[in-house]
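# next comes the sequence, and after it the predicted model I'd like to discuss.
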Amino acid sequence: MGRKTTLCTEFTFTLPRGFTDTQNRVHRHGIMRLATAKDEILVQQEPKVRENPAYGFLVMLSQVISRLGSFNSVSPELLEGLLLRDISYLREFYNRINQLGKPHIPTQCPYCNSEFSVSLELAGESLATP
């Protein structure tokens with residue numbers, strides 16, 4: 001009998017700054033799941049995305065973020081309140097988990113000119129239980 005493997009579909013993250021709600025509570029810890037084809041279809045059907053294609057990423061994030069702090073769902077409007085640093089982090093995190101791997105950045109030593117790659121690590125990144 002073959003060994004059963006499970007695919008982890010949810011990943012925890014910690015935003016660099018976090019979302020501050022109306023009661024001045026900061027929400028930094030969250031869970032993001034892998035994106036599906038249905039998520040992409042829902043993004044394309046959103047009227048705001050038709051008006052402004054750049055808004056599509058906020059809609060996609062609202063589909064795949066299943067928790068942010070004490071919020072059990074996240075709307076695009078809530079994500080509009082994040083600082084760009086957090087949006088950049090979420091964009092990179094989204095790309096990383098959906099590409100299933102840590103990107104390796106090719107680089108070169110400035111002293112000996114040796115070429116090697118460095119794994120990109122994001123602060124606060126960890127896996128959630130499947």
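Happy to help now that I have it. Computed from a predicted structure; not experimentally measured.

# pLDDT weak spots in the chain?
1-7, 100-108, 116-130 (pLDDT under 70).

# so which residues of it form strands?
Along the chain, the stretches classed as strands by DSSP state E are 10-20, 26-33, 65-68, 104-108, 115-119, 126-127.

# quick one: residues contacting the closest residue to Leu90 other than its chain neighbours.
Using C-beta to C-beta, 6 or more residues apart in numbering and skipping residues adjacent in sequence, the residue nearest Leu90 is Leu61, 5.8 Å away. To be clear about C-beta, it is placed using only N, CA and C from the backbone, and glycine gets the same treatment. Listed by C-beta atoms under 8 Å, 6 or more residues apart in numbering, the contact partners of Leu61 are 32, 74, 76, 79, 90, 94.

# most neighbours out of those, which is it?
Met32 (25 neighbours; other C-beta atoms under 10 Å).

# tell me how many other residues surround Ile31.
Number of residues near Ile31 (other C-beta under 10 Å) recorded here: 15.

# next up, the contacts around it.
Neighbouring residues of Ile31 by C-beta under 8 Å, 6+ apart: 10-13, 65-67, 128.

# can you tell me which of those residues has the most neighbours?
Of all those, the highest neighbour tally under other C-beta under 10 Å goes to Phe13, namely 24 neighbours.
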